[in-house]
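K.L.:
next input, structure requested:
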Amino acid sequence: MKNFVVKTIANAGALAVAVWLLDKITLTGDSTGKQIGTLLLVALIFGVVNFLVKPIVKLFSLPLLILTLGLFTLIVNALMLLLTSWFADQLDLSFHVDGFWTAVLGGLIISIVSWALNLALPDGD
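P.N.:
Residues are numbered from 1 along each chain as shown. From the prediction side, this is the model:
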């Protein structure tokens, strides 16, 4: 359970960095507390999407992953971010990713920051 909480916090931090760096990834809210709550909920959605959907998409796109030597993973990450944005919109959360190329850059930022935060934060294993 501790590992799940740490990964969710790392995802929330990575999403916050992407929101901060990219103008077309928006997070709105009345107060800082509401924005943090929204960010944590979006991080949970992002984690569930990455846990359930991403392996299936990677399996079906395996030939492209091999052909591009793994660079197609950037596209898969962008699609997962766009799917998270769609789910957030369906749940009436104030998180939005505007455009595919913004999602590609956002996915790259989130991957790098999440990796660094997972190294820095302690886990339960």
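K.L.:
can you pull out the low-pLDDT segments for the protein?
P.N.:
Counting by pLDDT under 70, the chain has low-confidence residues at 1, 123-125.
K.L.:
recalculate using a threshold of 80.
P.N.:
Counting by pLDDT under 80, the chain has low-confidence residues at 1-2, 122-125.
K.L.:
all strands of it, in order?
P.N.:
In the chain, the strands defined using DSSP state E lie at 25-27, 95-97.
K.L.:
other SSEs contacting the first one?
P.N.:
If I follow you right, that is strand 25-27. Strand 25-27 sits against helix 2-21, helix 32-52, strand 95-97, with contacts defined as 3 or more CB pairs under 8 Å, 6 or more residues apart in numbering; DSSP states H and E. Yep, even glycine has a C-beta here, placed from its N, CA and C like the rest.
K.L.:
could you measure from Leu74 over to Gly107?
P.N.:
6 Å (CB to CB, to the nearest Å).
K.L.:
of those two, which one has the most company?
P.N.:
Gly107 (22 against 16; other CB atoms under 10 Å).
K.L.:
list the residues that contact the more buried one.
P.N.:
74, 77-78, 80-81 (CB atoms under 8 Å, 6 or more residues apart in numbering).
K.L.:
need the helices and strands packed on strand 25-27 in a markdown table with distance to Ile66 and mean neighbour count, can you?
P.N.:
Rendered in a markdown table, the data for the helices and strands packed on strand 25-27 read as follows (distance: least, CB to CB, whole Å; neighbours: other CB atoms under 10 Å):
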| stretch | distance to Ile66 | mean neighbour count |
| --- | --- | --- |
| helix 2-21 | 27 | 18 |
| helix 32-52 | 21 | 16 |
| strand 95-97 | 28 | 21 |
